[in-house]
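1. just need the structure, nothing else, for what follows:
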Amino acid sequence: MRVDLTGKRVLVTGASRGIGHALARHLHAAGAEVLIHFGRQEQAAVELARTLGERAHPVQMDLSKLDTLSTWFTDLRERFGPIHALVNNAGVAHAVAMEAEEAEWLGLWEHTFQVNVGAVALLCKAFIRHAIADGHAGRIVNIASRAGFRGDTPEYLAYGASKGCCAQPHPQHRPVLW
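-> Residues are numbered from 1 along each chain as shown. Below is the predicted model:
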């Protein structure tokens, strides 16, 4: 089956590597114009855009800066035109030992939730607002993790908890508690 996304514009967060990189390549191959978001991996995002050619644009944003995300999304829309789909793929996973000082431990939890939950929520809100204004239904894809279903190691509790916020468990899957 071939999916034709000609004329559609898709923002993929965390597209400079991993799953986001693969998604950007597939969406572009299906005809979409792809906005390749990166946080710090500018060279990888620029190289992907160069490899893909037309209809591929690297766009930078620190997703932990929640107070700027709505404006960033509006700026992207004004620069490129209506965005028809949003793929929330970006995520952070900070290892922090249970023995860490509380301030360090909590700081890493807060940063993890800012990026993995707060940014997802605010980008969804901005996308929906603009999709309504642009008169299209649009699509949102939120990438979760198996850690959201099963938990993770003690050093990555924040990651597992944050990804659980975006996870829709399959009826046959049950969380594993240790």
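
2. only C-alpha atoms for contact and neighbour calcs from this point on.
-> Noted.

3. quick one: low-confidence residue ranges for this protein.
-> By pLDDT under 70, the low-scoring segments of the chain are 145-152, 165-178.

4. if we go to 90?
-> 1-3, 92-98, 137, 142-178 (pLDDT under 90).

5. and the longest helix for it?
-> helix 119-134 (DSSP state H).

6. got the phi and psi for Leu63?
-> Main-chain torsions, Leu63, degrees, to the nearest 10: phi -70, psi -10.

7. what's around it, how many residues?
-> 26 (other Cα atoms under 10 Å).

8. about what we covered before: ok, then the element right after the longest helix of the chain?
-> strand 139-142 (DSSP states H and E).

9. can you list the buried residues in that following strand?
-> For strand 139-142, the neighbour count (16 or more other Cα atoms under 10 Å) marks 140, 142 as buried.

10. again with stretch 20-39
-> For stretch 20-39, by 16+ other Cα under 10 Å, it's 20-21, 23-25, 27-28, 31-39.

11. ok, Leu52 - contacts?
-> Each residue near Leu52 by Cα atoms under 8 Å, 6 or more residues apart in numbering is listed here: 25, 28.

12. isn't Tyr159 right next to Glu110, touching?
-> No: Tyr159 is beyond contact range of Glu110, at 10.6 Å (criterion: Cα atoms under 8 Å).

13. more crowded one of those two?
-> Tyr159 (25 against 16).

14. so how far is His94 from that one?
-> Look at Tyr159 and His94: by Cα to Cα, to the nearest Å, they are 7 Å apart.

15. which member of the buried residues of stretch 20-39 is positioned nearest Leu122?
-> His37 (15.4 Å; Cα to Cα).

16. for Met1, see how far away that closest one is.
-> His37 sits 27 Å away from Met1, taking Cα to Cα as the criterion.

17. re earlier: now for Tyr159 and His94: what residues contact both?
-> Common contact partners of Tyr159 and His94 (Cα under 8 Å, 6+ apart): Thr112.

18. just to revisit the earlier point, can you dump the C-alpha atoms of the longest helix of the chain in CSV for me?
-> Below are the C-alpha coordinates for helix 119-134, written out as CSV (Å, rounded to 0.1, in the frame of the first residue of the first chain):
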residue,chain,number,x,y,z
ALA,A,119,6.1,20.2,25.1
VAL,A,120,3.8,17.4,23.7
ALA,A,121,0.8,19.0,25.3
LEU,A,122,1.6,22.6,24.2
LEU,A,123,2.5,21.5,20.6
CYS,A,124,-0.8,19.5,20.4
LYS,A,125,-2.7,22.6,21.6
ALA,A,126,-1.0,24.9,19.1
PHE,A,127,-1.4,22.4,16.3
ILE,A,128,-5.2,22.0,17.0
ARG,A,129,-5.7,25.8,17.2
HIS,A,130,-4.0,26.3,13.8
ALA,A,131,-5.6,23.3,12.2
ILE,A,132,-9.1,24.7,13.1
ALA,A,133,-8.1,28.2,11.8
ASP,A,134,-6.7,26.6,8.6
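
19. all set now, cheers.
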